[in-house]
Every structure is written in structure tokens, then in C-alpha cells.
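# Quick one: sequence plus predicted model below, questions after.
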Amino acid sequence: MTCVSVLLLAGLLASCGGGSGGDSTSGGGSTPSGSTSPSGGTPPGGTPPGGTPPGGGTGTLPSAGARIEESNTAFVTFSGDWAQSSNSHAGWSGSTFDSLLGWSGGTAKQSSQPRATASFTFVGTSVRWLSMRGRNGGIALVRVDGGAAQEVDLFGRPADEFRTPAITIYGLSAGPHTLTIEVTGRTSSTDPSSTAVVVVDAFEVEPQIVSHVQDSDPNSDLIYSAGWTQASNNLDWSGSAAFNLGEIPPGAHVTATKGATVTYKFRGTSVSWIGYSGPDAGIAVVSVDGRETTVDTYSRDLRVQQVVFTASGLTDADHTLTITATGGKNVRSSAAQIFVDAFDVTTPGRRYEQGDVSKGKHIEFDQGVTTIDYVGGWDYSNSRVWTEGWTATTQQENATVTFIFTGTSVSWIGCEKSSAGGTAKVFIDDVFDKDVNLFQQMPMEGYQREVYRKDGLSPGPHKLTILVTSQDRSFVVIDAFDVRQ
């Protein structure tokens with residue numbers, strides 16, 4: 001897809017936001033059952049018996065459900081030249097702010113030095129590395145227990161995403177493992193000023209599927225009342241700076257109007273509101289299925305792509321989250337603004353990435369038991385907020401993709417918008433199931449969107465086939481496939 005973008009000329013990640021300091025976001029009122037209070041990170045989960053932590057630490061290794069920050073020296077070790085991210089940050093318009101970015105736990109480490117490494121020791125059958133993907137992202141080699149390296153490319157354009165999954169590795173044997181990240185000093189960017197940075201933000205053990213939903217998601221799921229406007233685009237909002245001709249640049253929604261609401265309908269076991277906290281931010285009431293929490297988004301420092309609220313421990317069912325601006329503010333705040341940038345939704349199961357251009361058109365998982373095959377004119381793109389960086393797209397009628405999997409439920413994760421508004425027929429086990437129309441009126445844009453879901457399949461292997469039927473050269477996007485047992 002052709003994009004219009006404004007690229008940052010300065011070395012972004014050489015001075016990337018992070019660190020701590022100032023007043024943290026705080027909230028009052030009650031917290032919904034099974035949820036966390038407003039925070040910028042998720043605490044480590046349970047830790048059943050495992051091996052001995054690295055670095056001379058004590059206790060058992062992180063296990064299923066744990067998120068471990070890069071600053072946890074009991075389980076994370078670094079070698080070589082790693083720096084703490086600084087606070088100076090430039091938005092995509094080039095303006096510079098004394099700001100912090102929404103790192104997990106408030107901090108991250110970065111390196112461009114070849115052969116510098118970061119290692120994480122844990123117990124579990126899968127693991128996820130949380131990082132940054134953006135204009136100065138470099139290439140890393142990832143290994144588990146010293147095995148074969150997988151290359152992870154953190155370059156993305158035209159904007160930057162923080163606290164984003166870099167890679168999720170599945171199919172490990174039960175027991176302790178060590179994930180090692182090695183900096184190569186290389187980048188796929190053609191910009192000679194790129195600093196080829198590799199960022200280590202956090203790690204998750206046996207993580208669930210996570211979908212990152214933009215503030216412009218189609219209004220069947222995300223409904224704004226009167227009083228909301230488009231926020232200024234001089235900050236590095238999630239998904240900002242990437243747009244097609246004639247479209248409104250994505251960014252964030254903002255309101256200071258008392259009683260203004262946004263309602264988000266989702267299915268999942270956890271939801272996080274990604275927004276903004278700063279010296280001009282106000283107080284909101286967040287309701288999840290009718291249970292309310294008061295969230296004060298004031299902080300002394302300006303923080304973008306910030307997790308301001310998380311509700312977890314939900315059932316895997318339909319839920320409704322409502323954010324209501326109160327018109328009130330902390331006594332130290334200069335304004336009562338409330339910002340909505342994005343949402344992260346988690347669901348149980350496994351997500352299969354469509355693969356990037358280096359993997360070709362046949363992708364194997366689990367020794368060939370699970371595969372993705374493309375037929376026709378498919379291209380690859382990293383110019384949007386796609387799952388772990390890449391997506392496959394086509395404008396060709398009769399192009400197909402076939403996904404072989406084992407499970408009782410499957411979802412096609414794609415995109416819905418005006419310029420990616422193609423049509424397709426979906427078949428399950430060679431039997432027609434549904435016509436899918438991806439068109440949405442501007443300014444609605446849905447990324448990492450579940451555009452098709454089929455539940456109630458018999459246990460065992462199945463085949464999902466997508467046949468592109470659009471005749472007007474509209475794009476059809478394959479981001480990933482989700483499978484539940």
C-alpha cells in the first residue's frame with residue numbers, strides 16, 4: 001500500500017523515551033474484580049518450582065502468566081554495551097518533547113553494539129519478547145537454549161511502536177529454558193542515519209494472544225459520543241504517520257468535555273486502555289461490564305503510548321469497556337483532557353504469523369503440521385501496526401491463502417478500511433462458510449482485526465481457505481491466524 005509519511009531525521013532511539021521519575025499515574029475508587037488498578041506495567045505472575053535464577057538471584061524461575069521486566073536482574077542478564085533509554089523524544093512531526101514512552105514497567109534497555117546480548121531464564125513451553133519496532137530498529141538473533149538462531153527485524157515505518165511483541169516462540173519442552181537476544185548491528189532500513197537499535201523492554205512466559213486495536217477501529221466495536229476530537233499529531237501516537245492519500249492521519253482521540261464517553265466492545269480475557277498521561281491530563285471513570293474504576297491520568301512527565309488502565313482475569317466472552325470523561329482533574333494538572341490512543345486485548349490460544357518476505361510463500365510451523373500457503377500475487381508490508389511487524393496483502397482476484405491447523409476454533413486476523421476494503425470467500429475444510437467484506441468508511445480503520453471467526457469445529461486437523469473475490473483492485477490483508485483448542 002502506498003503510504004504518505006513524515007519521517008524523523010534525527011536518531012530516534014539513540015534518545016528513546018523511558019526511565020522513571022515524576023509522579024506516576026494514580027487512580028482512586030474501586031477496582032473491578034479480577035482486574036488491575038491503573039498502571040504502566042503488569043507485575044510478574046506465579047512462579048512454580050523451576051531452576052536457579054541467573055545473576056546470583058534467589059527464588060524460582062518465572063513461569064506461566066509472568067511478565068518480567070528487563071530491570072529484574074534475578075532473571076535477566078546483559079552483556080556488552082547496553083544503555084538505559086533517555087527521556088528526550090521526538091514526535092513524527094519532528095517536534096521534541098521532554099517525554100517518557102509507555103515502556104512496560106516504565107523503563108527499557110537498548111543497544112546497537114554487535115554481539116551484545118540479553119538473556120532471560122524461565123520455565124514454560126512458550127515465551128514472548130517485548131520490544132520496540134520503528135524507524136531505527138535493528139536486527140537481532142534470538143536463540144533458545146543455544147539452539148538455531150531466528151532473525152528478528154525490528155525496523156518498521158513510518159512511526160514507532162513501544163512495548164510491542166517482537167517475537168513469540170512456541171513448542172518448547174516443559175521445564176527451564178534460556179532465551180538469548182544477540183544484537184547484530186545490522187538494519188534493513190535504507191536510511192544511512194539509522195542506528196540499528198535493539199530494545200529489550202520485558203518478557204512474558206506462556207503468553208496469551210494479544211491484539212493491538214487502534215483508536216480508529218470500526219464503530220461497530222468502538223463508539224465515541226459527541227465531544228471527542230482528533231488529537232494533535234505532533235506526538236508519537238500508536239499507528240501515527242501511516243495513511244493513504246485522502247485519509248485522516250491516525251493518531252488519538254481527545255476530549256475535555258464532561259460526560260463524553262467512548263464505548264469499546266471486545267471479546268477477551270484482558271483489556272488495556274493505551275492513552276496518555278501528563279501535566280494537562282484529567283480524570284476519567286472506566287467501566288468494565290458495569291463495574292467502575294476512577295483513573296487519574298495526570299503525571300508530571302508527558303507520557304505517550306502509556307497503559308493507563310488494565311482489566312484482567314475476565315472470562316473469554318464478550319465484554320464492554322466504557323471510558324467517561326469527568327471534566328475533573330488533579331489539583332496539579334493544568335487541564336482535564338482524556339486521550340484514547342489504542343487498546344490491547346488478550347485472548348487464549350495461539351497466533352500464527354503470516355510470515356515476512358524472507359520466509360517466502362510457504363510457511364511451516366510445528367514440523368509441517370501447521371502450514372500457511374499463498375497462491376497468486378501476494379506482497380509483504382511492515383508499514384502499519386501489524387502483528388509482530390509484517391503482513392501479506394494482495395489486489396489480485398482469485399489469489400488464495402490456505403491455513404492448515406489443529407483446533408476447534410480459528411480466526412482470520414486482517415484489516416478493515418477504505419483502501420483495504422476487498423472481498424473474499426472463506427471455506428472450512430473445502431466447504432464454503434462465509435463471504436467477507438473488508439470495506440469501512442473513512443476515517444474508520446481496523447488493524448489486527450478479527451475479520452472472521454469459526455467456532456465449534458471438531459477436535460483435530462482442519463483447513464481454512466481464503467479466496468479473494470474483489471475485482472476493483474482493493475487490498476485484502478492477511479495479518480495472522482488465531483487457533484484455539
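Structure received. Residues are numbered from 1 along each chain as shown.

# CA atoms for contacts and neighbours, from now on please.
Noted.

# For F266, see how far away N330 is.
Noted for N330: a distance of 30 Å to F266, by Cα to Cα, to the nearest Å.

# Then A66?
According to Cα to Cα, A66 stands 23 Å off from F266.

# Tell me which of the two has more neighbours.
A66 (22 against 19; other Cα atoms under 10 Å).

# you'd agree the more buried one is up against E204?
Yes: using Cα atoms under 8 Å, A66 is in contact with E204, at 5.7 Å.

# So in the protein, where's the weakest helix or strand by average pLDDT?
Every helix and strand in the chain was compared by mean pLDDT, DSSP states H and E; the lowest is strand 26-28, with a mean of 35.

# what distance separates the helix or strand just after that strand from the centre of its chain?
Next along the chain after strand 26-28, taking DSSP states H and E as the criterion, comes strand 67-69. Relative to its parent chain, strand 67-69 has a centroid offset of 16 Å by Cα atoms, centre = their mean, to the nearest Å.

# Now do the strands in the stretch 51-200 of the chain.
Assigned by DSSP state E, counting those that start in this stretch, the strands in the stretch 51-200 of the chain fall at 67-69, 76-79, 83-84, 88-90, 96-101, 109-111, 117-123, 127-133, 139-144, 150-153, 161-169, 176-183, 198-200.

# Format those as JSON lines; extra columns: distance to Q354.
Formatted as JSON lines, the strands of the stretch 51-200 of the chain follow (distance: least, Cα to Cα, whole Å):
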{"stretch": "strand 67-69", "distance to Q354": "25"}
{"stretch": "strand 76-79", "distance to Q354": "30"}
{"stretch": "strand 83-84", "distance to Q354": "33"}
{"stretch": "strand 88-90", "distance to Q354": "32"}
{"stretch": "strand 96-101", "distance to Q354": "29"}
{"stretch": "strand 109-111", "distance to Q354": "27"}
{"stretch": "strand 117-123", "distance to Q354": "26"}
{"stretch": "strand 127-133", "distance to Q354": "17"}
{"stretch": "strand 139-144", "distance to Q354": "19"}
{"stretch": "strand 150-153", "distance to Q354": "14"}
{"stretch": "strand 161-169", "distance to Q354": "13"}
{"stretch": "strand 176-183", "distance to Q354": "22"}
{"stretch": "strand 198-200", "distance to Q354": "23"}
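
# quick one: which of those is nearest I404?
Nearest of those to I404, taken as Cα to Cα: strand 161-169 at 18.9 Å.

# would you put the C-alpha positions of the closest one in CSV?
What follows is strand 161-169, C-alpha atoms only, in CSV (Å, rounded to 0.1, in the frame of the first residue of the first chain):
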residue,chain,number,x,y,z
GLU,A,161,5.5,1.3,18.4
PHE,A,162,6.6,0.7,22.0
ARG,A,163,6.0,-2.3,24.4
THR,A,164,5.3,-4.3,21.3
PRO,A,165,5.8,-8.1,20.8
ALA,A,166,8.9,-8.7,18.8
ILE,A,167,8.7,-12.5,18.7
THR,A,168,6.7,-15.3,20.4
ILE,A,169,8.3,-18.7,20.5
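
# and it, what does it pack onto?
Under the contact definition 3 or more Cα pairs under 8 Å, 6 or more residues apart in numbering; DSSP states H and E, strand 161-169 sits against strand 127-133.

# Direction-wise, compare the strand it packs on with strand 161-169 and give the angle.
If you take axes from the mean of the first three to the mean of the last three Cα atoms, to 10 degrees, strand 127-133 sits at 150 degrees to strand 161-169.

# Please name every helix or strand in contact with strand 127-133.
Counting contacts by 3+ Cα pairs under 8 Å, 6+ apart, strand 127-133 is packed against strand 161-169, strand 198-200, strand 202-205.

# Could you single out the most deeply buried of those strands?
With neighbours taken as mean count of other Cα atoms under 10 Å, these reach their highest mean count in strand 198-200, at a mean of 31.

# Verify the stated contact: P114 with T195.
No: applying Cα under 8 Å as the test, P114 and T195 come out as separate, 11.9 Å apart.

# All set, thanks.
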